[in-house]
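Peer 1: got a predicted structure here, sequence first:
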Amino acid sequence: MSAPSNPITAHLPPTGKPLVTSRQLTLALVVLLALAWGFLPEFTVSVLSNIGLYALVAAGLVMLTGVGGMTSFGQAAFVGVGSYATAWICTSPAAAAWLGGFVAPALLPWAGLLLGLVLTFALAWALGAVTLKLQGHYLPLCTIAWGLSLYYLFGNMDFLGGQTGITGVPPLVIAGFSLATPRALGVVIWAVLLLALWALHNLLDSREGRAIRALKGGRLMAESMGVNTARHRVKLFVLAALLAAVSGWLYAHLQRFVNPTPFNLNIGIELLFMAVVGGAGHLWGAVLGAALITLLKEKLQDVLPSLLGSSGNFEVIVFGLLMLFVLQRFAEGLWPTLARIAGRWVRPHATTGAARPAVPTVQLAQRNLPAKGEVLLQATSVSKRFGGLVANNDISMTLKAGEIHALIGPNGAGKSTFFNMISGVDDPSAGEVRLAGQTMTAKPSRVFAALGLGRTFQHVRLLGQRSVVENVALGAHLRAKRGWLAAMLRLDRAEEAALMAEARRQIERCGLGAHADTPAASLSLGQQRVVEIARALAGQPSVLLLDEPAAGLRHLEKRALSVLLGQLRAEGLGILVVEHDMEFVMNLADRITVLEFGTVIATGTPAEVQANPRVLEAYLGGADDELLEDAR
Ligand code: ADP
Ligand code: MG
């Protein structure tokens with residue numbers, strides 16, 4: 001029953017018999033690496049250790065850039081913070097005097113790790129809070145700015161040794177073993193990397209992971225599902241920075257000295273290369289990218305000078321060209337292509353909770369639905385001006401529990417604008433919106449969601465690459481509460497099962513049971529609209545706002561949608577529909593509000609509205625008119 005939820009392999013025709021699952025293959029490779037570790041040549045071990053260090057930073061960038069949609073050129077600076085923190089603590093007499101009483105010398109690197117993490121946390125949080133508000137190209141530019149600042153700071157601080165840096169960093173000591181060689185420390189590096197990949201993978205496969213994925217498509221949808229996008233962006237930024245700092249800490253104890261050079265902007269750009277070339281949206285792409293770039297750099301530094309007859313950083317030019325080529329040919333990086341080829345032999349492990357049988361043992365938060373006839377949503381004299389244009393003029397409207405209210409009007413009448421006013425996307429210029437008895441002035445849409453407002457979008461907003469069930473589960477975001485750490489450690493499984501069960505229930509109810517495990521983008525547009533309804537329902541709303549739900553639906557699908565909306569009304573939901581299909585509206589709605597040029601020109605039952613001369617006039621503007629037909 002469980003179709004693979006991996007978007008790469010989900011489309012594949014079943015060619016031959018897959019030999020192993022992806023998890024088995026991963027485990028086999030890890031065991032192979034572990035067994036071979038003791039016998040590999042010194043040089044290979046050293047290169048592998050470096051790859052591990054880079055991959056750790058790149059994995060953070062995959063999360064930040066590939067999944068979260070935020071580009072950073074400045075990660076090398078956080079590696080520097082992690083490196084310098086431990087180097088300073090382990091070598092400075094001042095630090096020794098300070099810590100001497102509490103910390104044994106062998107434990108100093110751990111104090112260094114702690115300091116590095118605390119500093120990075122504070123720095124990343126502060127930088128993130130300021131710069132992540134920036135849109136478009138300003139954010140990447142800003143990361144260049146602070147990447148450079150930190151780099152120069154390292155070189156200009158006397159107590160950090162200036163350009164010479166800090167020497168004499170001691171090796172890491174674990175359980176009495178001194179990890180002085182790359183062969184010894186490399187084991188720790190790769191263990192940390194694999195652990196980090198496991199935790200990040202878990203995070204992505206969770207409630208919070210779905211919220212993180214939703215960040216990339218803009219904030220509107222995520223906020224409407226109740227996700228605090230600003231907070232999630234900062235947390236993601238801090239997470240990526242912490243991974244970089246851990247890498248820096250390991251690096252300092254591998255090299256046994258630090259200076260500013262490896263934390264240069266150049267390296268920041270290289271790190272981003274790794275994430276993007278490997279496959280910005282895929283965690284293993286980080287390892288692939290780190291390996292490719294590291295090996296290539298190694299080769300180029302050998303070959304290029306002899307080829308060009310002089311030495312210099314020519315490899316940067318080659319990297320630039322390479323990046324252009326890869327992004328031209330493989331827009332998603334190399335990992336998806338590799339995975340596609342491997343898909344012949346490798347079966348994806350059922351990774352998402354989506355594909356697992358669900359036996360929920362915990363209950364999601366439940367909302368007490370209001371009594372029939374109770375006013376749920378009330379707009380009083382709402383106006384919206386865009387410069388000189390009055391898009392909404394003094395609109396008043398109520399939506400009660402157990403009714404379907406339709407909002408109709410010609411194109412440009414102001415329906416979508418009004419929709420935005422009553423869902424927290426935009427604030428009215430004048431007037432008041434009340435939801436569940438509360439004034440909603442200046443409140444963001446996630447507060448509307450928390451108070452029981454569910455909505456769909458005129459232009460469908462789904463995570464196209466993710467399965468339908470994952471998309472729908474995002475709608476139940478606010479009904480669960482397990483956070484990032486719980487997800488990383490897989491302590492959220494009971495709750496996750498409950499979320500998945502709820503998502504499947506809503507999908508069944510909306511008639512899409514057969515498509516639960518397919519990527520949302522592979523459904524027809526009409527079906528995608530229904531997925532949006534299921535997603536809204538997963539939040540157990542009392543108010544449902546639907547923007548043109550019947551657009552793109554076939555006749556039978558429209559009938560099914562009518563039946564579903566009728567059921568929801570009977571359950572006591574208040575439903576507001578913006579819709580062009582007059583037959584659909586007239587058969588379904590209890591009350592209709594007609595807008596023209598931003599003003600309400602009629603309100604009443606379908607029969608009243610159809611008989612209203614002003615409405616007929618407004619609609620007569622168009623050549624052929626269904627409303628008029630209906631009225632006769
Ligand atoms: P409808 O959804 O009924 O077709 P809209 O609410 O989208 O109408 O638009 C109403 C009017 O407001 C239109 O004239 C439109 O051009 C204008 N409008 C909508 N949004 C904006 C905006 N963000 N800035 C300026 N004008 C806008
Ligand atoms: Mg519109």
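Peer 2: All right, it came through fine. Ligands and ions are numbered 1, 2, ... in the order given.
Peer 1: I figured Pro410 hits Tyr619, correct?
Peer 2: Yes. Pro410 is within contact range of Tyr619, at 7.2 Å (criterion: CB atoms under 8 Å). (C-beta placed from N, C-alpha, C; glycine too.)
Peer 1: ok, the two, which is more surrounded?
Peer 2: Just comparing Pro410 and Tyr619: by other CB atoms under 10 Å the higher neighbour count belongs to Tyr619, 20 against 15.
Peer 1: mind checking the SS state of the more buried one?
Peer 2: helix (DSSP: H, G, I helix; E, B strand; the rest coil).
Peer 1: that one and Gly409 touch, don't they?
Peer 2: No. Counting by CB under 8 Å, Tyr619 does not reach Gly409; the two are 9.1 Å apart.
Peer 1: so how far is ligand 1 from Thr380?
Peer 2: In this structure, Thr380 and ligand 1 are 19 Å apart, going by CB to the nearest ligand atom, to the nearest Å.
Peer 1: mean confidence for the host helix or strand of Ala222?
Peer 2: Assessed by DSSP states H and E, Ala222 sits inside helix 219-224. When pLDDT is averaged over helix 219-224, the result is 92.
Peer 1: tell me who's in contact with the nearest residue in space to Phe257 that is not next to it in sequence.
Peer 2: Of all residues not flanking Phe257 in the chain, Thr167 sits nearest, at 4.3 Å (CB to CB, 6 or more residues apart in numbering). Each residue near Thr167 by CB atoms under 8 Å, 6 or more residues apart in numbering is listed here: 91, 161, 256-257.
Peer 1: do I have it right that Gly128 meets Val234?
Peer 2: Yes. Contact criterion CB under 8 Å: Gly128 and Val234 qualify, at 4.2 Å.
Peer 1: how many neighbours does the closest residue to ligand 1 within the stretch 51-200 of the chain have?
Peer 2: Of all residues in the stretch 51-200 of the chain, Gln135 sits closest to ligand 1, at 15.7 Å by CB to the nearest ligand atom. Residues within reach of Gln135, counting by other CB under 10 Å, total 9.
Peer 1: doesn't it belong to a helix?
Peer 2: No. The assignment for Gln135 is coil, going by three-state DSSP, so no helix is present there.
Peer 1: confidence score at it?
Peer 2: The model's pLDDT for Gln135 equals 73.
Peer 1: list the contacts for Ala77?
Peer 2: 146-147, 149-151, 263, 268.
Peer 1: quick one, which of those residues are buried?
Peer 2: 146-147, 150-151, 263, 268 (16 or more other CB atoms under 10 Å).
Peer 1: coming back round to it: angles on the backbone of the residue of the stretch 51-200 of the chain closest to ligand 1, please.
Peer 2: Main-chain dihedrals, Gln135, degrees, to the nearest 10: phi -110, psi 170.
Peer 1: how about Asn228?
Peer 2: On the backbone of Asn228 - angles per degrees, to the nearest 10 - the values are phi -80, psi 90.
Peer 1: once you drop chain neighbours, what's closest to it?
Peer 2: Closest to Asn228 by CB to CB, 6+ apart is Arg446, at 6.0 Å.
Peer 1: near ligand 1, which residues of the stretch 401-550 of the chain show up?
Peer 2: The stretch 401-550 of the chain comes close to ligand 1 at residues 409, 411-417, as judged by CB under 6 Å from any ligand atom.
Peer 1: in this structure, which helix or strand is least confident?
Peer 2: Across the helices and strands of the chain, mean pLDDT, DSSP states H and E gives its lowest value to helix 7-10, namely a mean of 44.
Peer 1: so after that one, what's the next helix or strand?
Peer 2: Past helix 7-10, the next helix or strand by DSSP H and E is strand 20-21.
Peer 1: name the strands paired with that following strand and say parallel or antiparallel.
Peer 2: Using DSSP bridges, the strands paired with strand 20-21 are strand 346-347 (parallel).
Peer 1: for the strand it pairs with, the distance to its chain's centre please.
Peer 2: 26 Å (CA atoms, centre = their mean, to the nearest Å).
Peer 1: any idea how far Gly539 is from Gly388?
Peer 2: 38 Å (CB to CB, to the nearest Å).
Peer 1: more crowded one of the two?
Peer 2: More neighbours surround Gly539 than the other of Gly539 and Gly388, with 28 against 5 (other CB under 10 Å).
Peer 1: residues contacting the residue of the stretch 201-350 of the chain found nearest ligand 1?
Peer 2: Going by CB to the nearest ligand atom, ligand 1 is nearest to Leu220 of the stretch 201-350 of the chain, at 12.7 Å. Residues in contact with Leu220 (CB under 8 Å, 6+ apart) are 425, 445, 457, 461.
Peer 1: from those, which is closest to ligand 1?
Peer 2: Ligand 1 has its nearest neighbour among those in Val425, at 10.4 Å by CB to the nearest ligand atom.
Peer 1: quick one: the closest one and Lys443 touch, right?
Peer 2: No. With contact defined as CB under 8 Å, Val425 does not count as touching Lys443 (11.1 Å).
Peer 1: where in the chain is pLDDT low?
Peer 2: Filtered on pLDDT under 70, the chain yields the residue ranges 1-18, 311, 350-360, 620-632.
Peer 1: right, and Leu185 touches Leu254 too?
Peer 2: Yes. Here Leu185 reaches Leu254: they are 5.3 Å apart, a contact under CB under 8 Å.
Peer 1: what touches both of the two?
Peer 2: Jointly contacting Leu185 and Leu254 under the rule CB under 8 Å, 6+ apart are Ser49.
Peer 1: quickly find the element holding the closest residue to Gly38 other than its chain neighbours.
Peer 2: Using CB to CB, 6+ apart and skipping residues adjacent in sequence, the residue nearest Gly38 is Arg183, 7.5 Å away. In this structure, Arg183 sits in helix 182-204 according to DSSP H and E.
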